[in-house]
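Asks: fold the following and give me the result.
(2 chains)
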Amino acid sequence: MENLFIFLTIFTLAMFVGFEIITKVPPTLHTPLMSGSNAISGITLIGAVVAAGAGENILTIILGVLSIIVATINVVGGFLVTNRMLAMFRKKD
Amino acid sequence: MTLQFTIATALSGLIGSVTLTGSFIAYGKLEGFIKDPPRLPGQQAFNILLLLVAIGLGVWLVIDPTAVLAYWGIVLVAAILGVSLVIGIGGADMPVVIALLNSYSGLAACATGFVLNNTVLVITGSLVGASGLILSAIMCRAMNRSLTNVLFGVWVAEDTGPSADEVYGGKVKSSSPEELAMLLDGVGRVVIVPGFGMAVAQAQHAVRELTNLLEARGTEVEFAIHPVAGRMPGHMNVLLAEADIPYEKLKEMDEINPTFEQTDVAIVIGANDVVNPEARTNPSSPIAGMPILDVLHARSVIVVKRSLSPGFAGIPNPLFAADNTVMLFADAKKGMLDLISALKESA
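Replies: Below you'll find the predicted structure:
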């Protein structure tokens, strides 16, 4: 139960940090911001690795491997697209 | 099996599944292979019912953590909920929905963190969740609508507004690129207002060319970006940045609105509801109170649009019939290219 309280605290604090960071992003950059945060949500990769590695039964392994593949596509593709978008906003000299 | 584990498992199944199917539908709608179906009368009740069933299955899972069937039930019901929630959402509300789905994906990751006792997942998940929620809230404010209002697609009954014939009847002035080139001759300041029409026609490069041409003739050009123009948050900014239009020229609504008084010509390219003065003047209009770009304060307004068809709000736009407005009926790209060649010839 103690664990749960630690996690809830982290959750709440992270929400505040998120709020503070995101409200400072200018609206001009909202599309790259969304693309970036979408790439970050590929962090479920960690969950996928844990699930696949647990080796509970064949179904967990199949689903786990599938999630690793999809989550990796999400992370790599997401950051590539974000980078391409941000490059458009870079100052040209 | 702790309570934390079961509740978090149920939540991550529910949110994750809604996000997955909802995102596929959103993708299909943006790509255009899913058309906006008519909103069914019972859709709202159906969505609430699905949510209640999913929550009920969640409670079952919490009471009896060995009930694997309950988990699969949640996933299945949530998958249907994702489809039915997103499919009925109208085109102009898509930016909000995309931001919201993004936020859900973070919350799902966060719930998974609670299942696996993994702090990294909890932290990053809640960061993404917070960012998506803030973006949705910003965009809802820009449309003067509440989040529930967008999700359940409630528009105020609109039988009070004037009909298209009353608004437009004989007052709309159509113009030719040559006349517009004359209008743009020697002006000091031009503000360009891009909308979804520019995105559809991929007209941003033509817009850039027009900008360069006008600037070469000594005209100051700026861009007015409405927060919900387009189909994504910041959609117009990315398109214009893609066409190498400098970042500093893109002005937000609050910054540019006071400057329309000093603007000679406002060029509206494929935008409609975000420049509809009804939002300010008619309190019974469905878009009443929505912040708009005050293009009417400019000396002249050029509207490049394919036809007089209404925007997402489905109401006529008195701007098109205003005394200082001229229409150029063309697809945004073709209109721009015609205007550019007319300007080049007149020079």
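
Asks: so what are the domain limits for chain B?
Replies: B:3-151, B:164-346 (automatic domain parsing).

Asks: now tabulate those domains in CSV and tack on mean neighbour count and mean pLDDT.
Replies: C-betas here are computed from N, CA, C, even on glycine. Formatted as CSV, those follow (neighbours: other C-beta atoms under 10 Å in any protein chain shown; pLDDT from 0 to 100):
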stretch, mean neighbour count, mean pLDDT
domain B:3-151, 20, 85
domain B:164-346, 19, 85
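
Asks: adding distance to chain A as columns, could you present the ones you listed in TSV?
Replies: Output for the domains of chain B, formatted as TSV (distance: least, C-beta to the nearest C-beta, whole Å):
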stretch	distance to chain A
domain B:3-151	3
domain B:164-346	3
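
Asks: name the helices or strands packed onto the top helix by length along chain B?
Replies: Longest helix in chain B, counting residues (DSSP state H): helix B:3-31. Helix B:3-31 is packed against helix A:2-23, helix B:43-63, helix B:68-87, helix B:94-116, with contacts defined by 3 or more C-beta pairs under 8 Å, 6 or more residues apart in numbering or on different chains; DSSP states H and E.

Asks: show residues contacting stretch B:325-333.
Replies: By C-beta atoms under 8 Å, 6 or more residues apart in numbering or on different chains, the surrounding residues in contact with stretch B:325-333 are B:172-177, B:179-180, B:183, B:197-198, B:200-203, B:206, B:269-270, B:296, B:300-308, B:319-320, B:335, B:338-339.

Asks: next, the distance between the ends of that stretch.
Replies: Stretch B:325-333 stretches 20 Å from its first residue to its last (C-alpha to C-alpha, to the nearest Å).

Asks: distance from the chain centre to that stretch, please.
Replies: For stretch B:325-333, the separation from the chain centroid amounts to 21 Å (computed by C-alpha atoms, centre = their mean, to the nearest Å).

Asks: same check on stretch A:61-76?
Replies: Distance, centroid of stretch A:61-76 to centroid of chain: 13 Å (C-alpha atoms, centre = their mean).

Asks: stretch B:61-80 now?
Replies: 35 Å.

Asks: close to chain B: what parts of chain A are there?
Replies: A:1, A:3-4, A:7, A:10-11, A:14-15, A:17-19, A:21-23, A:27-34, A:37-38, A:40-41, A:43-44, A:46-47, A:50-51, A:85, A:88-89, A:91-92 (C-beta under 8 Å from any C-beta of the partner chain).

Asks: of these, just the buried ones, ChimeraX syntax please.
Replies: Buried residues among these (16 or more other C-beta atoms under 10 Å in any protein chain shown), as a ChimeraX selection:
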select /A:4,7,10,11,14,15,18,19,22,27,28,29,30,31,32,33,34,37,38,40,41,43,44,46,47,50,51,85,88,89
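
Asks: three-state assignment of B:Leu328?
Replies: Assigned by DSSP: H, G, I helix; E, B strand; the rest coil, the conformation of B:Leu328 is strand.

Asks: now it, which residues is it bridged with?
Replies: B:Val304 (DSSP bridges).

Asks: and it, how close does it get to B:Val274?
Replies: 18 Å (C-beta to C-beta, to the nearest Å).

Asks: which residue ranges of chain A form helices?
Replies: Under DSSP H, chain A gives helices at A:2-23, A:30-40, A:44-54, A:58-89.

Asks: which residue does chain A have closest to chain B?
Replies: Residue of chain A nearest chain B, by C-beta to the nearest C-beta: A:Gly18 (2.9 Å).

Asks: quick one: what helix or strand has the nearest residue to that residue once chain neighbours are set aside in it?
Replies: Leaving aside its sequence neighbours, A:Gly18 sits nearest to B:Ala130 (C-beta to C-beta, 6 or more residues apart in numbering or on different chains; 2.9 Å). Using DSSP states H and E, B:Ala130 sits in helix B:119-143.

Asks: contact partners of the helix or strand just after that helix?
Replies: On the C-terminal side of helix B:119-143, the closest following helix or strand by DSSP H and E is helix B:147-151. With contacts defined as C-beta under 8 Å, 6+ apart, helix B:147-151 is touched by B:Leu85, B:Ile89, B:Asp93, B:Val96, B:Val97, B:Leu100, B:Ser136, B:Ala137, B:Cys140, B:Met143.

Asks: same question for stretch A:71-86.
Replies: The contact list for stretch A:71-86 (C-beta under 8 Å, 6+ apart) reads A:29, A:31-32, A:35-36, A:38-45, A:48, B:238, B:241.

Asks: what number of residues lie near A:Val81?
Replies: 16 (other C-beta atoms under 10 Å in any protein chain shown).

Asks: okay, the domains of chain B in a markdown table with distance to A:Gly77 next?
Replies: Converted to a markdown table, those look like this (distance: least, C-beta to C-beta, whole Å):
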| stretch | distance to A:Gly77 |
| --- | --- |
| domain B:3-151 | 13 |
| domain B:164-346 | 16 |
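
Asks: so which of the helices and strands packed on helix B:3-31 gets nearest B:Ser17?
Replies: Between B:Ser17 and the helices and strands packed on helix B:3-31, the shortest gap by C-beta to C-beta is with helix B:68-87, which sits at 3.6 Å.

Asks: how about the contacts made by B:Val190?
Replies: B:Leu184, B:Leu214, B:Thr219, B:Glu220, B:Val221, B:Glu222, B:Thr263, B:Asp264, B:Val265, B:Ala266, B:Ile267 are the contacts of B:Val190 under C-beta under 8 Å, 6+ apart.

Asks: surely it is within a strand?
Replies: Yes. Judged by three-state DSSP, B:Val190 forms part of a strand.
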